[in-house]
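Q: Could you look at this predicted model? Sequence included:
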Amino acid sequence: MALIGKNIEFAAGLLRQNQLVAIPTETVYGLAGNALNDRAVASIFEVKQRPFFDPLILHVAGIDQVEAYALWHDERLKRLAEAIWPGPLTVLLPKKGNVPDLVTAGSELVAIRIPDQALTLELLKLLDFPLAAPSANPFGYISPTSAYHVDKQLGEKISYILNGGECRVGLESTIVGVEAGELCVYRLGGLSVDDIARITGPVKLMLNLSGDPKAPGQLKSHYAPRKRIFLEKEGLQFPEQDTIVGYLSFGKENEALKHTPNITYNLSESGDLKEASANLFKYLRLLDESAAHYIVTDFLPDEGLGMAINDRLRRAMAR
Ligand code: TXA
Ligand code: MG
């Protein structure tokens with residue numbers, strides 16, 4: 001069990017000693033450490049059991065701090081960041097020499113964002129270094145959207161969790177960069193592609209579903225519960241006797257399910273994609289921890305935040 005509280009000064013003190021603190025953001029909870037200190041960064045990888053080839057995102061308090069660590073090489077990215085930050089957007093920029101190679105996994109690009117969470121923004125303002133913070137879950141498992149989720153999985157390994165309540169967005173940030181002059185989205189997330197395109201003009205999707213991706217957040221199997229997940233049409237044909245089906249639904253209830261002993265969590269009864277995003281990881285966890293033998297779900301409408309939700313479902317289903 002870690003200490004859980006809202007003491008920003010205490011959190012800042014630990015971080016200055018190069019210890020790790022779990023922090024709330026609007027997307028998911030992060031496992032934060034001093035991004036400029038190799039020992040702190042190394043312990044992030046160790047606690048998460050994360051492979052060193054998977055780079056970390058730098059979190060800063062203000063857009064003026066970006067230039068201390070990276071170059072604004074493309075006007076569109078800057079315009080996008082100015083419009084969205086603080087918010088669920090991460091930009092990939094050419095890094096400066098002071099960013100440790102451990103943070104970027106040897107890449108010349110660094111990922112940076114300003115999270116939209118009051119406690120964490122105050123904390124970042126107290127510090128004179130940026131925070132490297134991956135999602136605060138063991139590598140490959142479902143990301144945490146509450147202090148309780150973090151405590152359950154990493155509580156033994158960290159000393160403090162800054163408690164900001166439940167994450168408002170619930171999906172990781174959308175990662176955007178530039179390649180061959182084109183604006184590219186590398187990870188779908190809490191900022192929809194439509195919202196980006198409205199600000200920047202055309203964007204290209206560079207979403208990798210392979211086992212050896214450029215952006216490792218794009219690993220084919222990721223965000224995965226321990227239980228198998230099936231699509232509605234695969235999983236419900238002939239349930240064996242005594243099978244308990246865990247159902248992750250969206251919108252109106254499915255009649256067929258009323259006949260099986262089941263556990264249902266509805267992402268949003270009214271069919272609201274924002275509400276569904278905020279509930280996704282919480283409900284996947286609840287189903288994973290429930291008596292259900294397996295989980296059944298269906299893809300949501302492939303538009304707006306539905307695209308990011310479907311992306312997470314696809315990766316959660318992959319083995
Ligand atoms: O919403 C979020 O982004 C959350 C919160 C805590 O801020 N963080 C998060 O971090 O999702 P993480 O470590 O779980 O995912 C970071 C992903 C990496 O897996 C990789 O895909 C991409 O960001 N990334 C980071 N640095 C990169 C770089 N230099 N080049 C390419 N991709 C990078
Ligand atoms: Mg993650």
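A: Done, it's in. Numbers count the residues shown, from 1 in each chain. Ligands and ions are numbered 1, 2, ... in the order given.
Q: Contact partners for residue 5?
A: 160-163 (Cβ atoms under 8 Å, 6 or more residues apart in numbering). No exception for glycine: its C-beta is placed from N, CA and C like everyone else's.
Q: Now with 10 Å, please.
A: Each residue near residue 5 by Cβ atoms under 10 Å, 6 or more residues apart in numbering is listed here: 11, 147, 160-163.
Q: Tally up the residues packed near residue 62, please.
A: Neighbours of residue 62 under the rule other Cβ atoms under 10 Å: 12.
Q: Correct me if wrong: it contacts residue 124.
A: Yes. A contact is recorded between residue 62 and residue 124 when judged using Cβ atoms under 10 Å, the distance being 8.4 Å.
Q: Report the set of residues contacting both of these two.
A: Taking Cβ under 10 Å, 6+ apart as the contact rule, residue 62 and residue 124 both touch 86, 114.
Q: picking up where we left off before, which one of the contacts of residue 5 is nearest residue 201?
A: Ranked by distance to residue 201 (Cβ to Cβ), the contacts of residue 5 are led by residue 162 at 37.5 Å.
Q: how much space between the closest one and residue 119?
A: The span separating residue 162 from residue 119 equals 6 Å under the rule Cβ to Cβ, to the nearest Å.
Q: Comparing those two, which residue is more hemmed in?
A: A count of neighbours by other Cβ under 10 Å puts residue 162 above the other of residue 162 and residue 119, at 28 against 19.
Q: Would you agree that one is in contact with residue 20?
A: No. At 11.4 Å, residue 162 does not count as touching residue 20 under the criterion of Cβ under 10 Å.
Q: before we move on, the earlier item: could you pull out the residues contacting both of residue 162 and residue 119?
A: In the contact map built from Cβ under 10 Å, 6+ apart, the residues linked to both residue 162 and residue 119 are 6-8, 11, 23-24.
Q: Which among those count as buried?
A: In terms of neighbour count (16 or more other Cβ atoms under 10 Å), the buried residues within the shared contacts of residue 162 and residue 119 are 8, 11, 23-24.
Q: Next, format the residues you listed as a markdown table and append pLDDT.
A: As requested, those are exported to a markdown table (pLDDT from 0 to 100):
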| residue | pLDDT |
| --- | --- |
| 8 | 98 |
| 11 | 98 |
| 23 | 98 |
| 24 | 99 |
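Q: so residue 31, which of the three states?
A: Taking DSSP: H, G, I helix; E, B strand; the rest coil as the rule, one finds residue 31 in the strand state.
Q: for it, which residues make a bridge with it?
A: residue 22 (DSSP bridges).
Q: Now do it: how many residues are near it, please.
A: Other residues near residue 31 number 28, with proximity taken as other Cβ under 10 Å.
Q: do residue 265 as well
A: Burial measure for residue 265: 20 neighbouring residues, criterion other Cβ under 10 Å.
Q: Where does it sit: helix, strand or coil?
A: Residue 265 carries the three-state label strand when classified by three-state DSSP.
Q: isn't it right up against residue 281?
A: No. Counting by Cβ under 10 Å, residue 265 stays clear of residue 281, with 11.4 Å between them.
Q: Would you mind splitting the chain into its domains for me?
A: 3-205, 229-317 (automatic domain parsing).
Q: Can you flag which of the shared contacts of residue 162 and residue 119 belong to helices?
A: 8, 11 (DSSP state H).
Q: ok, the shared contacts of residue 162 and residue 119 vs residue 131, which is closest?
A: Comparing these against residue 131 with Cβ to Cβ places residue 23 closest, at 7.1 Å.
Q: For ligand 1, see how far away residue 131 is.
A: Between residue 131 and ligand 1 the distance is 9 Å, computed by Cβ to the nearest ligand atom, to the nearest Å.
Q: Contact partners for that residue?
A: With contact taken as Cβ under 10 Å, 6+ apart, residue 131 is in contact with 15, 20-21, 23, 30-36, 40, 44, 56-61, 115, 120, 123-124.
Q: and with 7 Å instead?
A: Counting by Cβ atoms under 7 Å, 6 or more residues apart in numbering, residue 131 touches 32-33, 35, 59, 124.
Q: Residue 134: neighbouring residues, count only.
A: Neighbours around residue 134, by other Cβ under 10 Å: 23.
Q: Sorry, wrong one. I was asking about residue 205.
A: A count of neighbours around residue 205, defined by other Cβ under 10 Å, yields 10.
Q: doesn't residue 293 make contact with residue 243?
A: Yes. Counting by Cβ atoms under 7 Å, a contact exists between residue 243 and residue 293, whose distance comes to 5.4 Å.
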